[in-house]
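> just a sequence and a predicted model for now, questions to come.
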Amino acid sequence: MDNLSGNLRLLYQILFRAYGRQYWWPGATPFEVMVGAVLTQNTSWSNVERAIRNLDAAQCLTAPAIIAAHPTTLGALLRPVGYFNVKARRIQNFCRWYIARGELLAQFPTVDLRRELLAINGIGPETADDILLYALNRPVFVIDAYTRRLGTRLGILRGDENYEKLRALFETELTPDVALYQEYHALIVRHGKDICRKKHPRCNLCVLQANCPHNL
DNA sequence: GCCCAGGTGTTTC
DNA sequence: GAAACACATGGG
């Protein structure tokens, strides 16, 4: 576990060389990014895109419209993302907070925003950090299942660390750089989608480096 | 037909 | 407190 800083930086370089820039988050506006962050919970992004198109087509891609919509109507638009009844409630909860915060949002300190986001029913640590990093451009490192899996397979992590522990790990070892955090998380997800778990059950480096021990 | 996906909240032991 | 369960669609 020594020289972790070096490991995390090296991993970033390897991923960047393998995949290049990812142009994340896919979303036209910050608000759309926030909505997408809630909708993508345990759901593939292609399904989220359908739901966002539905919202847009129904003139329902604004916070006031989402709040005003009947939960059943909203649920029908969200059908493609799965858990649509749950997520209808969740984005309404989020939008009520978003409206209440109003223009002052951009000026709030990151720690305060994070605490408030986590207090919303339906916003957990990953969703909160997606919103902070990709919609509000705050230097918060996003941890997800791909991050855990990759770190575990590379032997950098044990795998059972809790969310805050992992976030602290990355944020301590990397300089607080929004562009770096945005790109790093995007690369981890890209790699996670790219590798086939059945072909590479043990090691994620195989597909990145020809000199990985498993390829020798 | 079965497993998984850019999680989170509630219920149960 | 941890562990199990509920939420639900679309793609491989």
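Great, that's in hand.
> give me the pLDDT value at the most centrally placed residue in chain A.
In chain A, the C-alpha nearest the mean C-alpha coordinate belongs to A:Asp130, at 4.3 Å (CA atoms, centre = their mean). Model confidence at A:Asp130, given as pLDDT, is 98.
> next, give phi and psi for A:Thr72.
phi -70, psi -40 (degrees, to the nearest 10).
> separation between it and A:Gly124?
25 Å (CB to CB, to the nearest Å). (C-beta placed from N, C-alpha, C; glycine too.)
> over to A:Pro64?
From A:Pro64 to A:Gly124 the distance is 25 Å (CB to CB).
> with A:Leu74 instead?
The value you get for A:Leu74 to A:Gly124, if CB to CB is used, is 20 Å.
> out of those two, which sits in the busier spot?
Comparing A:Leu74 with A:Gly124 by other CB atoms under 10 Å, the one with more neighbours is A:Leu74, at 24 against 13.
> please report how far the more buried one lies from DNA strand B.
Using CB to the nearest atom of the strand, to the nearest Å, A:Leu74 is found at 17 Å from DNA strand B.
> check A:Ala18 too.
Taking CB to the nearest atom of the strand, one finds A:Ala18 at 17 Å from DNA strand B.
> next: A:Ile66.
Using CB to the nearest atom of the strand, A:Ile66 is found at 18 Å from DNA strand B.
> elements contacting the helix or strand encompassing that residue?
Using DSSP states H and E, A:Ile66 sits in helix A:63-68. With contacts taken as 3 or more CB pairs under 8 Å, 6 or more residues apart in numbering; DSSP states H and E, helix A:63-68 sits against helix A:84-101.
> okay, buried residues for the helix it packs on please.
Across helix A:84-101, burial judged by 16 or more other CB atoms under 10 Å covers A:Phe84, A:Lys87, A:Ala88, A:Arg89, A:Arg90, A:Ile91, A:Gln92, A:Asn93, A:Phe94, A:Cys95, A:Tyr98.
> equivalent analysis for stretch A:140-154, please.
Here stretch A:140-154 shows A:Val140, A:Phe141, A:Val142, A:Ile143, A:Asp144, A:Tyr146, A:Thr147, A:Arg148, A:Arg149, A:Leu150, A:Gly151, A:Arg153 as buried, counting by 16+ other CB under 10 Å.
> tally up the residues packed near A:Asp129, please.
Based on other CB under 10 Å, the number of other residues close to A:Asp129 is 25.
> which secondary structure element contains it?
Counting by DSSP H and E, A:Asp129 is found in helix A:125-130.
> next secondary structure after that helix?
Sequence order places helix A:145-153 as the next helix or strand after helix A:125-130, per DSSP H and E.
> that'll do, ta.
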